[in-house]
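A.B. asks: please work out how this folds:
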Amino acid sequence: MDTLKPVEGGDIVELMADLSRRARKAARRLATATTAEKEAALHAMAARIRARAGDILAANREDVAQAHAKGQTAAFLDRLTLDPKRIEDIASAVDSIASLPDPVGRVLTTFERPNGLLIERVATPLGVVGVIFESRPNVTADAGALCLKAGNAAILRTGSDSFQTSLAIAQAMGEGLAEAGLPADAVRLVPTKDRAAVGAMLAGLDGNVDVIVPRGGKSLVARVQEEARVPVFAHLEGICHVFVHAAADLAMAERIVLNAKMRRTGICGAAETLLVDRACAGTHLKPLVTVLLDAGCAVRGDAATQAVDGRVALATEEDWRTEYLDAVISVRVVDGLEAAIDHIETYGSHHTDSIVTEDTAAAERFLAEVDSAIVLHNASTQFADGGEFGFGAEIGIATGRMHARGPVGVEQLTSFKYRIRGAGQTRP
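C.D. replies: Below you'll find the predicted structure:
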């Protein structure tokens, strides 16, 4: 197969047009690929990632050296850096996606009309998926593999910091595709760092991109949502809440709140605001605040929260709207379930929200009325993850109300069509 090489300068418009035409052609082939063909291709892709580990690590050393020179943070460097174990994890993830049920061809519903027409709604691929992501090299493999499993071609655009690493991974995946008899153009990395390539993708590449999925920070997602002329699966922010209801078990509430905030503070499912029912604040507020503070979490609270511990800073109006992605949480005492729902509706981002309570009726009302992609009862918001849903890997979390919502796995990377079987019927 042809070798992927970085492209510097030149006509970006023509480069992207050619890439998209190839992807569209590949998507037509993938739409008719059998489950066995896709599984074989995914296993071959994983094998080539393992075989190419030396090349991938060499490319990664280049990216890491450049990131060091730019003064990137330790956390950033950790996300960027690969080692043999992390490469094996990437390959294993591709293998695991091969074992997922094939979402294409599922008969979603069947019904017969009075005139005898038999109608089926059947899952089909979306077509060509554009994925724009920042400097996490594993996304190259995860996104490409998920798209392939769902019968889609993928055009991948990585951030400049992981460019060489992602290019090497994409090269290995293309080799695996070709070895398995499927088009290498089904998974391609945009071979340029030029930002004009992103604009071309957001414009739709003359109709050759069917959906865009951004994976990255708020500025990236905001740009994609503002400029895209094709549908977008994304969330702008993860302002997630835990509401401790009057009927909450205190020990359970402490476990859930601590996990929701502190298990991993930098993920989109981390809790950013704790709401405590005034009816249980006398017994629950201080222990909840203390467990957070003692775990190293800064607390910004309203006057009632400040009163229980001198270490609490006064929250501002902006705190209720802030996704900290850090060991910081805002805490507010609210007057019952309706006030909690009102707060979430006013300040939330429709991502993930949880209620802790032993009152089934209160829980059911919360689950019904909170308009978020993921709502939980007596569970941590950190379950907002495709793997935890049993989806295998995910390509992101979507908070929109059209098509995919919540974790975007292989099933969400499909659309549907109607198949109608008749016996000579005509319409009067």
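A.B. asks: wait, Leu77 sits on Ala67?
C.D. replies: Yes. Using Cβ atoms under 8 Å, Leu77 is in contact with Ala67, at 5.8 Å. C-betas here are computed from N, CA, C, even on glycine.
A.B. asks: ok, these two, which is more surrounded?
C.D. replies: Each of Leu77 and Ala67 has its neighbours counted (other Cβ atoms under 10 Å); Ala67 has more, 20 against 15.
A.B. asks: next, the more buried one: secondary structure please.
C.D. replies: Three-state call for Ala67 (DSSP: H, G, I helix; E, B strand; the rest coil): helix.
A.B. asks: need the pLDDT of it.
C.D. replies: We have a pLDDT of 95 for Ala67.
A.B. asks: also Lys5?
C.D. replies: For Lys5, the predicted pLDDT is 64.
A.B. asks: likewise for Ser160?
C.D. replies: Ser160 is assigned 92 on the pLDDT scale.
A.B. asks: how about the contacts made by it?
C.D. replies: 135, 193 (Cβ atoms under 8 Å, 6 or more residues apart in numbering).
A.B. asks: and stretch 303-319, what's its mean pLDDT?
C.D. replies: 97.
A.B. asks: endpoints of that stretch, how far apart?
C.D. replies: 14 Å (Cα to Cα, to the nearest Å).
A.B. asks: repeat for stretch 70-84
C.D. replies: End-to-end distance (Cα to Cα), stretch 70-84: 25 Å.
A.B. asks: what of stretch 98-106?
C.D. replies: Stretch 98-106 has its terminal residues 17 Å apart, counting by Cα to Cα.
A.B. asks: list the buried ones in that stretch?
C.D. replies: Residues of stretch 98-106 classed as buried under the neighbour-count rule (16 or more other Cβ atoms under 10 Å) are 98, 100, 102-104.
A.B. asks: and for stretch 268-279?
C.D. replies: In stretch 268-279, counting by 16+ other Cβ under 10 Å, buried: 268-277, 279.
A.B. asks: so can I have TSV of these showing secondary structure, distance to Gly390 and pLDDT?
C.D. replies: Formatted as TSV, the buried residues of stretch 268-279 follow (DSSP: H, G, I helix; E, B strand; the rest coil; distance: Cβ to Cβ, whole Å; pLDDT from 0 to 100):
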residue	secondary structure	distance to Gly390	pLDDT
Cys268	coil	19	91
Gly269	coil	16	95
Ala270	coil	21	96
Ala271	strand	23	98
Glu272	strand	26	98
Thr273	strand	28	98
Leu274	strand	28	98
Leu275	strand	29	98
Val276	strand	32	98
Asp277	strand	32	98
Ala279	helix	36	98
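A.B. asks: picking up where we left off before, which of the buried residues of stretch 98-106 sit farthest apart?
C.D. replies: Among those, the pair separated by the greatest distance (Cβ to Cβ) is Ala98 and Val104, at 14.0 Å.
A.B. asks: check the gap between Ala26 and Leu148 for me.
C.D. replies: Applying Cβ to Cβ, to the nearest Å, the value for Ala26 to Leu148 is 10 Å.
A.B. asks: over to Val257?
C.D. replies: Applying Cβ to Cβ, one obtains 39 Å for the distance of Val257 from Leu148.
A.B. asks: residues contacting Arg157?
C.D. replies: Contacts of Arg157 were listed using Cβ under 8 Å, 6+ apart, and they are 130-133, 189-190, 197-198, 201.
A.B. asks: confidence score at Glu394?
C.D. replies: Per-residue pLDDT puts Glu394 at 80.
A.B. asks: domains of this structure?
C.D. replies: 12-233+408-419, 240-388 (automatic domain parsing).
A.B. asks: for the shortest one, measure first residue to last.
C.D. replies: Right, domain 240-388. End-to-end span of domain 240-388 (Cα to Cα): 17 Å.
A.B. asks: give me the distance from it to the chain's centre.
C.D. replies: Its chain's C-alpha centre and that of domain 240-388 lie 22 Å apart, by Cα atoms, centre = their mean, to the nearest Å.
A.B. asks: got TSV for the buried residues of stretch 98-106, with secondary structure and distance to Ala398 too?
C.D. replies: Listed next are the buried residues of stretch 98-106 as TSV, based on DSSP: H, G, I helix; E, B strand; the rest coil; distance: Cβ to Cβ, whole Å:
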residue	secondary structure	distance to Ala398
Ala98	helix	24
Leu100	coil	19
Asp102	coil	21
Pro103	coil	16
Val104	coil	20
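A.B. asks: now flag whichever of the residues you listed is closest to Arg223.
C.D. replies: Nearest to Arg223 among the buried residues of stretch 98-106, counting by Cβ to Cβ, is Pro103 at 29.5 Å.
A.B. asks: could you dump the domains of the chain to TSV with distance to Gln425?
C.D. replies: Output for the domains of the chain, formatted as TSV (distance: least, Cβ to Cβ, whole Å):
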stretch	distance to Gln425
domain 12-233+408-419	5
domain 240-388	41
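A.B. asks: biggest helix in the chain, by residue count?
C.D. replies: Criterion DSSP state H: the longest helix present in the chain is helix 12-30.
A.B. asks: other residues contacting it?
C.D. replies: For helix 12-30, contacts defined as Cβ under 8 Å, 6+ apart pick out 7, 38, 125, 127-128, 148, 151-155, 182-183, 185-186, 188, 190-192, 194, 196-197, 200-201, 205-206, 208-209.
A.B. asks: and the helix or strand following it, which residues are buried?
C.D. replies: Proceeding N to C from helix 12-30, the next assigned helix or strand is helix 35-51, under DSSP states H and E. For helix 35-51, the neighbour count (16+ other Cβ under 10 Å) marks 38-50 as buried.
A.B. asks: could I get helix 35-51 in CSV with only the CA atoms?
C.D. replies: Presented in CSV, the C-alpha positions along helix 35-51 are these (Å, rounded to 0.1, in the frame of the first residue of the first chain):
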residue,chain,number,x,y,z
THR,A,35,-19.2,-9.0,9.6
ALA,A,36,-16.4,-11.5,9.0
GLU,A,37,-14.6,-9.1,6.7
LYS,A,38,-14.8,-6.3,9.2
GLU,A,39,-13.7,-8.5,12.1
ALA,A,40,-10.7,-9.8,10.0
ALA,A,41,-9.7,-6.3,9.1
LEU,A,42,-9.8,-5.1,12.7
HIS,A,43,-7.7,-8.0,13.9
ALA,A,44,-5.3,-7.3,11.1
MET,A,45,-5.1,-3.6,12.0
ALA,A,46,-4.4,-4.6,15.7
ALA,A,47,-1.6,-7.0,14.5
ARG,A,48,0.0,-4.3,12.3
ILE,A,49,-0.1,-1.8,15.3
ARG,A,50,1.9,-4.4,17.3
ALA,A,51,4.2,-5.1,14.4
